[in-house]
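Asks: Would you be able to build a 3D model of this:
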Amino acid sequence: MAFNLIPLPYDPAALDPAISAETLGFHHGKHHQAYIDKINAAIEGTELADKSLEAVIANARGVNQGLFNNAAQSWNHGFYWHSLSPAGGVPSGNLAAGIDEAFGSFDALKDQLKARGAGHFASGWVWLAEKGGKLSIEETHDGDTLVDSGFNPLLTIDVWEHAYYLDHQNKRPAYLDAVIDAKLNWAFAAENLARGTVWTYPA
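Replies: Have a look, this model is predicted:
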């Protein structure tokens, strides 16, 4: 089973000015496509050829770093595209209640996401996640992922430089402000919380 590049769930210009169509053209169409191409080449003709992306990640972790990096980055990016939304919105229901319990308020969560994203050294990902009924902010470095961590990821923010440099140059906080204030997909986060299991990359 060859993996495919997951389509964007919105028009490439829909996140502008937080994230431009030009950035998405490179980030989705070039970076993510390259990860997919490398996975497919690596697993062709192997016992992993018919496995899910999540299974490839679990099998490669600690054994085949190159395959792990490309598989985890493919999953992270697919999840990231869905973590963004032109409409943004605000949390409601159980998600809102969980945020209030864990962080005090929605505004406090946004402030903490911005601080953790800005303070994250070098490349990686900042996540809102759930484990044991409790919400938390987690970080993974480089190409690492929460897929097989025991956490249930609710949404993620890419803090690799290529996610924002064309739009914000080296000003990562400006990117974080623009995304966290208006472009996070809280409906997607609520769906992930309600399902209670880790989102799966489409076959």
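
Asks: and the gap between E139 and I157?
Replies: Note on E139: its distance to I157, by Cβ to Cβ, to the nearest Å, is 10 Å. C-betas here are computed from N, CA, C, even on glycine.

Asks: out of the two, which sits in the busier spot?
Replies: In this view E139 and I157 are compared by other Cβ atoms under 10 Å, and I157 has more residues nearby, 24 against 16.

Asks: how far does whichever strand or helix holds the more buried one sit from the chain's center?
Replies: Element membership of I157 [criterion: DSSP states H and E] is strand 152-158. Using Cα atoms, centre = their mean, to the nearest Å, the distance from the centre of strand 152-158 to the centre of the chain it belongs to is 5 Å.

Asks: same question, stretch 113-126
Replies: Offset of stretch 113-126 from its chain centre (Cα atoms, centre = their mean): 13 Å.

Asks: Over to stretch 3-18?
Replies: Averaging C-alpha coordinates over stretch 3-18 and over its chain gives two centres that are 13 Å apart (Cα atoms, centre = their mean).

Asks: same question, stretch 69-79
Replies: On Cα atoms, centre = their mean, the centre of stretch 69-79 falls 8 Å from the chain's centre.

Asks: do stretch 81-95 as well
Replies: Averaged over its C-alpha atoms, stretch 81-95 has a centre that lies 13 Å from its chain's centre (Cα atoms, centre = their mean).

Asks: Which residues are in contact with each of E139 and I157?
Replies: Common neighbours of E139 and I157, counting by Cβ atoms under 8 Å, 6 or more residues apart in numbering, are W125, V126, W127.

Asks: Could you pull up the residues touching the closest residue to H120 other than its chain neighbours?
Replies: On the basis of Cβ to Cβ, 6 or more residues apart in numbering, the spatially nearest residue to H120 that is not a chain neighbour turns out to be V159, at 5.2 Å. Residues in contact with V159, defined by Cβ under 8 Å, 6+ apart, are G117, H120, S123, G124, W125, V126, R172, L176.

Asks: and the residue most central in space within the chain, backbone torsions?
Replies: Most central in the chain under Cα atoms, centre = their mean is Y80, positioned 3.1 Å from the mean C-alpha point. Reported as degrees, to the nearest 10, the phi and psi values for Y80 are phi -60, psi -40.

Asks: Correct me if wrong: it contacts D158.
Replies: Yes. Applying Cβ atoms under 8 Å as the test, Y80 and D158 come out as touching, 5.1 Å apart.

Asks: Common neighbours of the two, please.
Replies: W125.

Asks: hmm, who's touching stretch 101-114?
Replies: Taking Cβ under 8 Å, 6+ apart as the criterion, the residues outside stretch 101-114 that touch it are 90-91, 96, 99-100, 126, 128, 134-137, 157, 173, 176-177, 180-181.

Asks: Lovely, talk soon.
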